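Undergrad: Below are the sequence and a predicted model for it; my questions follow.
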Amino acid sequence: MREVAALAGVSLKTVSRVFNNDRHVTPATRHRVEMALREVNYVPNALATTFRAGRTAVIGIAVPDIVDPFFAAVSRSVENFAVAHGMSTLITSLGDDPSRERPTLESMLSRQLSGIIVAPVAPDHAWLQTWAVHTPLVFVDRPPVGLTADSFREDDHLGALLATEHLIEHGHRRIAFIGDTRYLPTTNNRLRGYKDALRKGHIDFDPMLVTLEAADRDGARTALDEFWRLPDPPTAVFSSNARSSMAMIPALQEHPAAAISFGDFPMADLLTPSLTVVAQDPERLGSLAAARAVDRLRAPDATYESTTYLPVRLVERESCRVGDETYRRRKRA
């Protein structure tokens, strides 16, 4: 910090204020200090000592919900990578409230972790720029906003397009879309894929067939009940994430309809009917993110692709065929 202060022509206290994103530092001074931080490749002493001495390093994991099957698999994969490389992990849930994200991440960052894997819920991450100078930040499933950082994501648009086109191929013209959160880029990209599939199939988009309030069983039941009460109700449902899919299963048992889920979850293949899904690869997502965090720590100036898209694929099971005549005949038999 003394080297940074001398290079920037400021006091140690000013360096500390910039490092901690104190709003009382003028933009010009902040710029000089940040340039000095980059020039000397500054990292906190505790972190540097960790790698020099070979002591156990820590990777932080911050996801919306560690109980969610997708994010649980991502976290488990990061943890497996950490164990294999002599490191440990610190895992926390961000929840659904965007205002919780910053204090939660600041608490983790203050612990001088070796890197943090984040599945964000907030709409702005520019404030992380100061921290990103010295702590590898890798985003999974969703990109950062206002910040250039590594991210590993899946092709949300393509997955939704494949799912909706598949339902159209089964003869469905009234296809509902349900999700659990309105503001996330994953939801918006999947909604865009759904709309594009309808357009390709020459089917008019009906906003009455879209709901983004199916975060739990009550919300899913209410959404589906409203669909069924429409003058021209849907014959199929595309769920934009595994949480919404699990929430809607009980309602679909009472009022069967063709269905596809973006995202698999435990025992989805054992349901009656078994659930067709857009399969993701959360394990690979987690391992790639953890590897990038360690690579960034060891070689912060190395060149990598900042955004990596992982492919998705449609896994057909029985639920997409509900309503087909052949399916009805088989069930009657």
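TA: On my side now, so go ahead.
Undergrad: Going along the chain, name the helices of the stretch 101-250 of the chain.
TA: 101-109, 129-132, 156-169, 185-200, 217-228, 242-254 (DSSP state H, counting those that start in this stretch).
Undergrad: I'd like to know which of the ones you listed lies nearest to F81.
TA: helix 101-109 (17.7 Å; CB to CB). Just so you know, the C-beta spots here come from the backbone N, C-alpha and C atoms, and that holds for glycine as well.
Undergrad: one step back: could I get the helices of the stretch 101-250 of the chain in TSV, plus columns for mean neighbour count, distance to V83 and mean pLDDT?
TA: TSV is the format used below for the helices of the stretch 101-250 of the chain (neighbours: other CB atoms under 10 Å; distance: least, CB to CB, whole Å; pLDDT from 0 to 100):
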stretch	mean neighbour count	distance to V83	mean pLDDT
helix 101-109	17	19	93
helix 129-132	18	25	90
helix 156-169	22	30	97
helix 185-200	19	28	96
helix 217-228	18	35	92
helix 242-254	21	26	91
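Undergrad: of all these, which lies closest to P311?
TA: Between these, helix 156-169 lies closest to P311; by CB to CB that is 8.0 Å.
Undergrad: what angle separates the closest one from helix 185-200?
TA: Relative orientation of helix 156-169 versus helix 185-200 (axes from the mean of the first three to the mean of the last three CA atoms, to 10 degrees): 40 degrees.
Undergrad: hmm, back to that, now distance to A84 too, for the helices of the stretch 101-250 of the chain, in CSV please.
TA: Output for the helices of the stretch 101-250 of the chain, formatted as CSV (distance: least, CB to CB, whole Å):
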stretch, distance to A84
helix 101-109, 22
helix 129-132, 26
helix 156-169, 29
helix 185-200, 28
helix 217-228, 38
helix 242-254, 27
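Undergrad: Ok, which of those helices comes nearest R298?
TA: helix 129-132 (16.2 Å).
Undergrad: Quick one: low-confidence residue ranges for the stretch 51-200 of the chain.
TA: Scanning the stretch 51-200 of the chain for pLDDT under 70 picks out the ranges 51-56.
Undergrad: Show me where it has its strands.
TA: Counting by DSSP state E, counting those that start in this stretch, the stretch 51-200 of the chain has these strands, from start to end: 58-63, 88-93, 115-118, 137-140, 150-154, 175-178.
Undergrad: Which among these is found nearest to Y304?
TA: When those are compared for distance to Y304 using CB to CB, the nearest one is strand 150-154, at 6.7 Å.
Undergrad: In the sheet, which strands lie alongside that closest one, parallel or antiparallel?
TA: The strands beside strand 150-154 in its sheet (DSSP bridges) come out as strand 137-140 (parallel), strand 307-310 (parallel).
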